[in-house]
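# predicted structure and sequence below. I'll ask about it afterward.
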Amino acid sequence: MTPEANPGPPGFASPPKPIVEARGLAKTFSISGSEVTALEGVDLSIRRGEFISFVGPSGCGKSTFLNMVAGLLSPTGGEALVNGVAVREPSRQVGFMFQTPVLLPWRTVEQNVLMPAEVFGRKDKAVRDKARSVIEAVGLGGFVGAYPRQLSGGMQQRVALARILTYEPEVLLMDEPFGALDEFTREAMNLELMRITRAAGITVLFVTHNITEAVFMSDRVVVMTPRPGKVSGMVDIALPRPREIGLMQKQAFADLIFEVRGILGHGHG
Ligand SMILES: Nc1ncnc2c1ncn2[C@@H]1O[C@H](COP(=O)(O)OP(=O)(O)OP(=O)(O)O)[C@@H](O)[C@H]1O
């Protein structure tokens, strides 16, 4: 049952508000006198706690969309809203994780994780305890004192994830976060990401080129068209949770992949 269909507990007359919304969201870039419409009229409503993936051909505006939700880019049309408020600048409610981890090499794992807190003047025990528990949760409990050069690529991405989770964001934006990792590590990271974000009730917007990964992780997959980027379809992934690797062998899983591929235009050879 969708939250829209669920009236909620007695006393709550209206359904829960979406945590992230796009209303006619558009972005046109001007490059040396010519205009490139990266995104055109995107309408989307994302529920709290949802895991939603974005797939589409290169250049269809997936990163542009995330950047506008993050407040890193201003729309040229429409608006992005988080918790019902139009996004104007980056906020602590929203964390952003990129493909490369961007860690400071002279700082330990723990010091890297605590860096944003320090920037905001927090050095108290509560934030240090939070950082420790998040470092444990991402599986780096034994590496708090290690330096980035002593860690594998997957471990460095875990540090980046821990740094964001210490913030306790409500929304996590991920732009091909594990794209640079080998398949085995990537699969392990995906499973952990699902476990951690589910447990914390974090809403995830996840950009990937990998349809299998999108179907495996998501509650919904948004399929986008090439330039100008628009939403060309949405697939509900009504597969049980928690998701395990064995799910990929099921017919229902294959059917959903085929459905996404069909919308992308590759479904019929
Ligand atoms: N800062 C910018 N200035 C000018 N054009 C830009 C800028 N950022 C993106 N674009 C253009 O907007 C379009 C969409 O780019 P975007 O990076 O959002 O696509 P994408 O779907 O994330 O691509 P990919 O899958 O390759 O990462 C592209 O044509 C790109 O050239």
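It's in. Predicted, not measured: the structure shown is a model, and the values here were computed from it. Numbers count the residues shown, from 1 in each chain.
# list the buried residues for stretch 71-86?
In terms of neighbour count (16 or more other C-beta atoms under 10 Å), stretch 71-86 has its buried residues at 71, 72, 73, 75, 76, 78, 79, 80, 81, 82, 83. Bear in mind the C-beta positions are built from the backbone N, C-alpha and C, glycine included.
# show me the contacts for the second one.
By that I understand residue 72. The contact partners of residue 72, by C-beta atoms under 8 Å, 6 or more residues apart in numbering, come to 90, 96.
# picking that back up, quick one: which of the buried residues of stretch 71-86 is nearest to the ligand?
Ranked by distance to the ligand (C-beta to the nearest ligand atom), those are led by residue 73 at 7.5 Å.
# for that closest one, which non-adjacent residue is spatially closest?
Using C-beta to C-beta, 6 or more residues apart in numbering and skipping the chain neighbours, the partner closest in space to residue 73 is residue 67 (4.1 Å).
# tally of neighbours for the one you found?
20 (other C-beta atoms under 10 Å).
# residue 139 now?
The number of residues packed near residue 139 is 15, by other C-beta under 10 Å.
# residue 48 now?
Residue neighbour count, defined by other C-beta under 10 Å, stands at 16 for residue 48.
# from residue 111, how far off is the closest residue to it other than its chain neighbours?
Leaving aside its chain neighbours, residue 48 sits nearest to residue 19 (4.4 Å; criterion: C-beta to C-beta, 6+ apart). Between residue 19 and residue 111 the computed distance is 31 Å (C-beta to C-beta, to the nearest Å).
# around the ligand, which positions in the stretch 101-250 of the chain sit nearby?
Among all residues of the stretch 101-250 of the chain, those adjacent to the ligand (criterion: C-beta under 6 Å from any ligand atom) are residue 227.
# ok so, going back, who has more neighbours, residue 19 and residue 111?
More neighbours sit around residue 19 than around the other of residue 19 and residue 111, counting by other C-beta under 10 Å; the figures are 21 against 16.
# now that one: how far from residue 51?
For residue 19, the distance to residue 51 equals 12 Å [C-beta to C-beta].
# overlap in contacts of the two?
Common contacts of residue 19 and residue 51, defined by C-beta under 8 Å, 6+ apart, comprise residue 203.
# which SS state does the closest residue to the ligand within the stretch 101-250 of the chain fall under?
Residue of the stretch 101-250 of the chain nearest the ligand, by C-beta to the nearest ligand atom: residue 227 (5.6 Å). When the structure is split into helix, strand and coil by DSSP: H, G, I helix; E, B strand; the rest coil, residue 227 lands in coil.
# hmm, it is touching residue 60, no?
Yes: contact status for residue 227 versus residue 60: in contact at 6.4 Å, counting by C-beta atoms under 8 Å.
# hey, what's residue 173 bridged with?
Counting by DSSP bridges, residue 173 is bridged to residue 96, residue 205.
# okay but it is in contact with residue 70, surely?
Yes: applying C-beta under 8 Å, one finds residue 173 in contact with residue 70, separated by 5.5 Å.
# can you give me the helices in the stretch 51-200 of the chain?
In the stretch 51-200 of the chain, the segments counted as helices under DSSP state H, counting those that start in this stretch are 62-70, 109-119, 125-137, 153-166, 183-200.
# with that, I have no additional questions.
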